[in-house]
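Chemist: show me the folded form of this:
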Amino acid sequence: HIRIYGDAGIGKTRLVLEATREDDLRPLVVYCQSASQFKNSDLMNEILREDNPFVTILVVDECNINDRAYIWDKLKYRGSRIKLVSIFNEYDETTGKISYLKAPPLEEVQVSSIIQEYNVPKERSEKWAELCSGSPRVAHVIGWNLMNNPEDLLKPPDTVNIWDRY
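Modeler: Numbers count the residues shown, from 1 in each chain. As a prediction, this is how the structure comes out:
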């Protein structure tokens, strides 16, 4: 079991999906958008069947500590035919054979590149990149506001205050 965690929007899912895109791994990968989706599915029942020959890399996104524990408890005795990769925003400590990998924040040059996608000049985007603390979500909000609300960068991008939601 590999546990990927890091800030929301940092690219955890993309990292896992790109890593499992290799030709020898791709046919084995099953991606579930949420733990609740997987827990209540026929897929889980099929994977757990003793007479099932499936060899799979199961990627479960949005998998909180309770769901992670539930799924791992069900899968850990299936031997080497099932590998679990669970993804969540927060670190949760546990015992057992779980490898934790923290997705690092983006580098400032990457954040600056996101801001530049909003037609913000490179020099200006580099000044704002540091304030994003490596978060692509914050970079998108700043980029959008630099393009649409240069007079008020903290103005919410639509009817929902993204800063409250963030």
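Chemist: where does pLDDT dip in this protein?
Modeler: Counting by pLDDT under 70, the chain has low-confidence residues at 95-98, 153-166.
Chemist: state which strand of it is the longest.
Modeler: Taking residue count as the measure and DSSP state E as the definition, the longest strand of the chain comes out as strand 82-88.
Chemist: give me the residues contacting that strand.
Modeler: Strand 82-88 has contacts (C-beta atoms under 8 Å, 6 or more residues apart in numbering) with 1-5, 12-13, 16, 20, 35, 47, 54-65, 68, 71-72, 75. Just so you know, the C-beta spots here come from the backbone N, C-alpha and C atoms, and that holds for glycine as well.
Chemist: now a PyMOL select for only the buried ones of the residues you listed.
Modeler: Command for PyMOL that selects the buried part of those, burial taken from 16 or more other C-beta atoms under 10 Å:
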select buried, resi 1+2+3+4+5+12+13+16+20+35+47+56+57+58+59+60+61+62+63+64+68+71+72+75
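Chemist: in strands, which of the contacts of strand 82-88 fall?
Modeler: For these, membership in strands holds for Ile2, Arg3, Ile4, Tyr5, Thr56, Ile57, Leu58, Val59, Val60, with DSSP E as the criterion.
Chemist: which one among those gets closest to Glu151?
Modeler: Tyr5 (37.6 Å; C-beta to C-beta).
Chemist: I figured the closest one hits Glu90, correct?
Modeler: Yes - taking C-beta atoms under 8 Å as the contact criterion, Tyr5 and Glu90 are neighbours in contact, 6.3 Å apart.
Chemist: ranges for the helices of the protein?
Modeler: For the chain, applying DSSP state H gives helices covering 12-19, 35-39, 42-48, 65-75, 108-116, 122-129, 136-148, 162-165.
Chemist: so which of these gets nearest Leu101?
Modeler: Ranking these by proximity to Leu101 (C-beta to C-beta) places helix 12-19 first, at 8.8 Å.
Chemist: in terms of secondary structure, what does that closest one contact?
Modeler: Using 3 or more C-beta pairs under 8 Å, 6 or more residues apart in numbering; DSSP states H and E as the contact criterion, the neighbours of helix 12-19 among helices and strands are strand 2-5, strand 82-88.
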